[in-house]
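Colleague: Please find the sequence and the predicted model below.
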Amino acid sequence: MSAGASGGSVVAAVGPVVRAAGLAEAIVGEVVRVGPRRLLGEIIGLDGPLATIQVYEETGGLEVGDAVEASGAPLRARLGPGLLGATFDGLQRPLDRLAAAGTWLLMPGLSGVAGEPPAGSTGDRSLGPRRWSFDAERDPGDPVGGGDTLGAVAEGRLRHRILVPPDVGAGTLVELASGDFTVDDVIGFVETARGLVELHLAHDWAIRRPRPVRRRLGADRPLLTGQRVFDMLFPIAQGGAAVIPGGFGTGKTVVEQSVARWSDADVVVYVGCGERGNEMAELLASFPDLVDPRSGAPLLERTVLIANTSNMPVAAREASVQLGVTIAEYFRDQGLHVALLADSTSRWAEALREIGGRLEELPGEEGFPAYLGSRLAGFYERAGRVETLGTPARVGSISLVGAVSPPGGDFSEPVTQASLRLAGTFWALDAALAHARHFPAVGWTASYSLHVDALTPWYRTHVDPSWADRRAEAIGLLARERQLLDIVQLVGADALPDADRVDLETARLVRETFLQQHAFDPVDAARPLDVQFALLCAVLAAGVGLRRALERGATLDQVVDSPLLAELRRARYWAGDDVASRLVELAGRLETFEPEVAR
């Protein structure tokens with residue numbers, strides 16, 4: 001038993017919830033080991049002499065009277081070199097090690113690797129035995145404090161900064177050595193008011209405790225995703241939060257994977273929380289083969305994968321998302337911009353509901369615990385753009401994209417509504433669009449972004465001064481189309497005046513040519529901003545050209561069948577470095593084409 005630890009015994013067990021007696025000095029949030037297999041758990045409540053423990057592993061075979069060992073510390077993440085390119089379970093145990101037990105993660109204690117503890121029972125959070133070449137940037141005698149850079153190691157194409165842990169406090173550097181070290185080797189010492197503190201390449205941090213920053217900053221630029229419907233119509237700010245709600249089959253996972261691959265984030269943390277095993281297996285199989293479009297290196301070099309599938313212990317789901325955001329904060333503190341993708345927060349909420357039921361808590365709406373909103377708020381609030389600790393200060397960000405799986409696609413259910421109140425961007429997936437094979441199936445009437453006003457100056461400077469007007473025009477056309485389609489269902493399209501029919505045709509071009517995007521096409525999967533804006537302008541120019549052609553005597557059927565419009569419909573598949581200029585030229589021809597062109 002470790003120093004400061006205390007012991008008790010099991011008095012009751014209901015699924016992953018265990019009650020233990022004898023833990024007189026225990027505190028809420030403390031990690032414990034339960035039973036002969038030393039199952040990993042966390043104290044979530046104290047009631048007089050009894051402690052309530054949430055066990056993160058299968059509790060089958062546990063007996064009354066089994067020993068419970070308290071660690072004296074909360075659940076922590078191991079942060080340092082070796083995170084990038086790795087795949088962990090929800091408790092940061094390397095999946096390659098757990099997989100040695102077989103295809104399925106069997107009940108702890110029933111399968112193990114020869115000479116090692118049983119798979120799943122140790123809580124091993126090792127970042128591996130690799131030795132890293134550390135270049136020290138500070139000298140003995142230098143004053144240092146939490147967040148200061150000590151040096152760096154090369155991890156892939158990333159310069160991985162080694163920082164003074166935020167909780168060390170101010171002190172004087174006594175010793176710091178360059179050389180090849182494992183993450184657990186001592187690289188130096190700092191003298192603080194608390195005494196001499198060892199420095200390592202890695203350090204631990206409690207996953208439920210947000211890492212401190214100097215100050216939070218406002219949004220001033222978008223997180224670019226390469227997806228036209230997001231970047232042009234409903235942008236997310238760098239350091240903002242977005243929610244993707246959608247029913248089964250609407251494409252939540254594909255959208256998140258597209259953002260993971262094509263966003264301009266420095267680091268991607270992908271958390272699969274309670275998702276189907278086949279989806280995670282496909283993700284884990286495909287990511288090593290994906291190429292980072294920015295560097296040409298494997299995408300996995302700037303990605304951390306956390307997999308807690310639906311067949312894994314349900315209690316570990318909340319820990320998986322808290323682990324993911326803690327890792328994201330670690331890279332943010334290095335001055336990097338991180339995209340955190342959580343798929344899905346609904347499975348996390350379902351785990352809270354199950355645990356709450358076993359704890360006999362009074363249920364809230366639809367059986368979810370009354371504290372669901374506050375738990376979600378604590379998660380989303382860890383996103384943001386910040387000025388980090390350390391001298392000189394750095395600017396880093398966490399942009400959080402959380403998928404929600406409302407039962408039956410009902411956006412009025414509690415998880416979606418709670419998320420809606422917390423995120424600044426809402427990308428609502430529409431089942432009708434998905435069934436019509438329109439992907440990404442983002443419903444433009446329900447979706448919105450509260451970041452538009454803050455981001456407009458950036459778009460005016462880096463894209464075009466007219467971006468906000470063109471965006472408003474496109475959204476207005478789509479809203480007008482919806483109104484006109486209600487009329488068409490009553491009287492038919494032929495009864496509409498030509499001006500309204502032009503609006504319908506232009507809105508159709510916006511939908512089919514601009515909003516639709518083929519996630520698996522090598523050209524159309526992602527587009528730079530200049531090409532996105534040029535395509536939007538070309539589509540809107542087509543509407544101007546249609547009206548002018550009708551004024552010159554052409555019929556709507558003539559202009560709709562124009563070869564020029566056929567060329568526009570193929571434009572989203574154009575390849576090359578001159579696509580933006582070709583689209584600008586096409587827009588000029590569309591605005592001025594004569595009725596004769598359509599004959």
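Modeller: Thanks, I have the structure now.
Colleague: which secondary structure element contains the residue lying closest to Ala499 once chain neighbours are set aside?
Modeller: Excluding its sequence neighbours, the residue lying closest to Ala499 (CB to CB, 6 or more residues apart in numbering) is Arg547, at 7.2 Å. The way it works is simple: take the backbone N, C-alpha and C, and place the C-beta from them, glycine included. Using DSSP states H and E, Arg547 falls within helix 529-551.
Colleague: for that helix, packing partners?
Modeller: helix 228, helix 467-491, helix 498-509, helix 556-560, helix 563-570, helix 579-592 (3 or more CB pairs under 8 Å, 6 or more residues apart in numbering; DSSP states H and E).
Colleague: In this structure Phe379 contacts Val325, no?
Modeller: Yes - between Phe379 and Val325 there is a contact under CB atoms under 8 Å: 6.6 Å.
Colleague: So if I had to pick from those two, which one is more boxed in?
Modeller: Val325 (28 against 23; other CB atoms under 10 Å).
Colleague: Give me the phi and psi for the nearest residue in space to that one that is not next to it in sequence.
Modeller: Nearest non-adjacent residue to Val325, counting by CB to CB, 6+ apart: Arg382, 4.8 Å away. Main-chain torsions, Arg382, degrees, to the nearest 10: phi -80, psi -10.
Colleague: Low-confidence bits of the chain, can you list those?
Modeller: 1-6, 97-126, 594-599 (pLDDT under 70).
Colleague: Which segments of it make up each domain?
Modeller: 7-74, 132-201, 215-448, 467-598 (automatic domain parsing).
Colleague: wait, which of the ones you listed is closest to Arg208?
Modeller: domain 215-448 (5.7 Å; CB to CB).
Colleague: and the closest one, how far apart are its ends?
Modeller: Terminal residues of domain 215-448 are spaced 28 Å apart (CA to CA, to the nearest Å).
Colleague: which element is the most centrally placed residue in the chain on?
Modeller: Centroid check for the chain by CA atoms, centre = their mean gives Leu341 as the closest residue, at 1.3 Å. Assigned by DSSP H and E, Leu341 belongs to strand 337-343.
Colleague: count of neighbours near Asp167?
Modeller: For Asp167, using other CB under 10 Å, the count is 14.
Colleague: quick one: it from Arg194, how far?
Modeller: To Arg194, Asp167 is 10 Å away according to CB to CB, to the nearest Å.
Colleague: same deal with Gly364?
Modeller: Where Arg194 is concerned, Gly364 sits at a distance of 43 Å (CB to CB).
Colleague: for Gly171, same thing?
Modeller: Counting by CB to CB, the gap from Gly171 to Arg194 is 9 Å.
Colleague: How about Pro528?
Modeller: 51 Å.
Colleague: For the two, indicate the residue with more neighbours.
Modeller: Pro528 (13 against 9).
Colleague: Pull the contacting residues for that one.
Modeller: Residues near Pro528 by CB atoms under 8 Å, 6 or more residues apart in numbering: Gly226, Ala580.
Colleague: again, but for Phe368
Modeller: Ala349, Leu352, Arg353, Gly356, Pro414, Val415.
Colleague: Just the ones in strands from the residues you listed, please.
Modeller: Judged by DSSP state E, strands contain none of the contacts of Phe368.
Colleague: nearest to Ala177, of those residues?
Modeller: Leu352 (45.7 Å).
Colleague: beta partners for the residue lying closest to the closest one once chain neighbours are set aside?
Modeller: Spatial nearest neighbour of Leu352, excluding adjacent residues (CB to CB, 6+ apart): Pro369 at 5.5 Å. Bridge pairing for Pro369 (DSSP bridges) gives the partners Pro363.
Colleague: Hmm, Pro369 is touching Glu361, no?
Modeller: Yes - if you go by CB under 8 Å, Pro369 and Glu361 touch, sitting 5.7 Å apart.
Colleague: In terms of neighbours, single out the busier of these two.
Modeller: Pro369 (20 against 15).
Colleague: Ala454 versus that one, what's the distance?
Modeller: For Pro369, the distance to Ala454 - CB to CB - is 34 Å.
Colleague: Tell me where the stretch 101-250 of the chain has strands.
Modeller: Assigned by DSSP state E, counting those that start in this stretch, the stretch 101-250 of the chain shows strands spanning 132-136, 143-144, 149-155, 158-163, 171-176, 179-181, 186-192, 195-200, 203-206, 215-217, 241-245.
Colleague: looking at the ones you listed, which is closest to Ala541?
Modeller: strand 241-245 (30.0 Å).
Colleague: from the chain's centre, how far out does that closest one sit?
Modeller: Its chain's C-alpha centre and that of strand 241-245 lie 9 Å apart, by CA atoms, centre = their mean, to the nearest Å.
Colleague: Please name the strands paired to that strand in the sheet, noting orientation.
Modeller: Checking strand 241-245 against DSSP bridges gives partners strand 395-404 (parallel), strand 425-426 (parallel).
Colleague: sorry, back to before: with the contacts of Phe368 in mind, which one is nearest to Lys252?
Modeller: Closest to Lys252, out of all of the contacts of Phe368 and judged by CB to CB, is Val415, at 13.2 Å.
Colleague: roughly how far apart are that closest one and Ala351?
Modeller: Counting by CB to CB, the gap from Val415 to Ala351 is 12 Å.
Colleague: same thing with Glu591?
Modeller: 55 Å.
Colleague: circling back: is it possible to export the helices and strands packed on helix 529-551 to a markdown table including distance to Leu158 and mean neighbour count?
Modeller: Output for the helices and strands packed on helix 529-551, formatted as a markdown table (distance: least, CB to CB, whole Å; neighbours: other CB atoms under 10 Å):
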| stretch | distance to Leu158 | mean neighbour count |
| --- | --- | --- |
| helix 228 | 29 | 24 |
| helix 467-491 | 32 | 15 |
| helix 498-509 | 42 | 19 |
| helix 556-560 | 51 | 17 |
| helix 563-570 | 39 | 14 |
| helix 579-592 | 30 | 18 |
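Colleague: Could I get the ones you listed in JSON lines, plus columns for distance to Ser178?
Modeller: What follows is those, written out as JSON lines (distance: least, CB to CB, whole Å):
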{"stretch": "helix 228", "distance to Ser178": "47"}
{"stretch": "helix 467-491", "distance to Ser178": "48"}
{"stretch": "helix 498-509", "distance to Ser178": "60"}
{"stretch": "helix 556-560", "distance to Ser178": "70"}
{"stretch": "helix 563-570", "distance to Ser178": "57"}
{"stretch": "helix 579-592", "distance to Ser178": "47"}
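Colleague: Between those, which one is closest to Pro74.
Modeller: Comparing the helices and strands packed on helix 529-551 by CB to CB, helix 228 comes nearest, at 43.4 Å.
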